[in-house]
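Trainee: What follows is a predicted structure for the sequence shown.
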Amino acid sequence: MELEDKQKAVAVAQQQEREFELEKLRIQLEMQKLSQAPVDPLEQCLDSQVLELKEESPYRCYGCGTSGVVKSKCPTCTRTNEMETEVNCMTLFNLNSDLYPSSVIVLKIFGEKIAVCADTGASHTIAGEKLFKFLQEHGITYTNKVISFMMADGIRQTITALRTVVDLYIEGKVIPIEFLVLPEAKGNKTLLGLDFLNAAGIVLDVQGGKWHFSENPRKQYKFFKKTLKDLNISVVCFFQIKYEFTTNDVARDSKSRSGDDSTDTLLSTTSQWIG
């Protein structure tokens, strides 16, 4: 009887030991499955953001937001080997104006007289629509320039403009000057910038209505004035321009820019005025 009880006790102990081992195996399998389960995307994203915050540099570029650099050394905002020329021009003509703009200088190009407004606030010379057509008729070729310019409202635009170099004749001097052309501009006027005024040595006396060469201040020249009673002018142009790079030369067909010249042509008895 005692032997039988001992055998039963041994059998129960062995059974319990097997169940314990099986339970250990089951727990190990569950732990293995949990370690191989896919990570929750939201949890992973939160973890990566926390890691980025820990590793983020204490300073960043205030121009584009690049971390770890200041704007003066930012590779995104700082462009090397860039030629920059800024143009600040503001041209205002009153509606139903009786007079041409006050600081207008007469010069010659290809034998024709042109009356052009001089503006010390513009660093570059801009060819208006009519002068652009005139140059096309004389077979002038152009170079493309990608220009980034900012309007008065602060909106920056990037366009492809044209540039060319033409000789201007003024009171015995020949001044080769670079003209900038905005192909999409309609009705804009030609503007003499500081580049031309400096090259020619011209000093403006707007109050006195005269101008002179810096090397000979005693010789005074009057600004061009012509009554335009029937001319309604409404032009407002205010922009800043920076040159970024130059591409290949192009020649423009003069027929591609047709338009009405009636409000832009001034006729005299001896010559044609182009402004």
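Mentor: That came in fine, so what should we check first?
Trainee: use CA for all of it now, contacts and neighbours both
Mentor: Fine.
Trainee: For the stretch 1-150 of the chain, which segments are assigned as strands?
Mentor: Taking DSSP state E, counting those that start in this stretch to define them, one finds strands in the stretch 1-150 of the chain at 89-92, 104-109, 112-118, 125-127, 142-151.
Trainee: which outside residues touch stretch 169-183?
Mentor: 106-109, 124-128, 132, 160-168, 195-196, 199-200 (C-alpha atoms under 8 Å, 6 or more residues apart in numbering).
Trainee: Out of the strands of the stretch 1-150 of the chain, the one nearest residue 218 is which?
Mentor: Closest of those to residue 218 is strand 104-109, at 17.6 Å (criterion: C-alpha to C-alpha).
Trainee: Pull out the buried positions in the host helix or strand of residue 160.
Mentor: Per DSSP states H and E, residue 160 falls inside strand 156-170. Under the neighbour-count criterion of 16 or more other C-alpha atoms under 10 Å, strand 156-170 has 160, 161, 162, 163, 164, 166, 168, 169 buried.
Trainee: could you give the angle of it to strand 112-118?
Mentor: Using axes from the mean of the first three to the mean of the last three C-alpha atoms, to 10 degrees, the direction of strand 156-170 lies 130 degrees away from that of strand 112-118.
Trainee: Can you mark which positions in the helix or strand just after strand 156-170 are buried?
Mentor: For strand 156-170, the following helix or strand on the C-terminal side (DSSP H and E) is strand 173-181. By neighbour count on 16+ other C-alpha under 10 Å, the buried set for strand 173-181 is 175, 177, 178, 179, 180, 181.
Trainee: ok, so of those, who is nearest residue 204?
Mentor: Checking those against residue 204 with C-alpha to C-alpha, the nearest one is residue 175 at 17.2 Å.
Trainee: Pairing partners for the closest one in the sheet, please.
Mentor: For residue 175, the beta-bridge partners are residue 168 (DSSP bridges).
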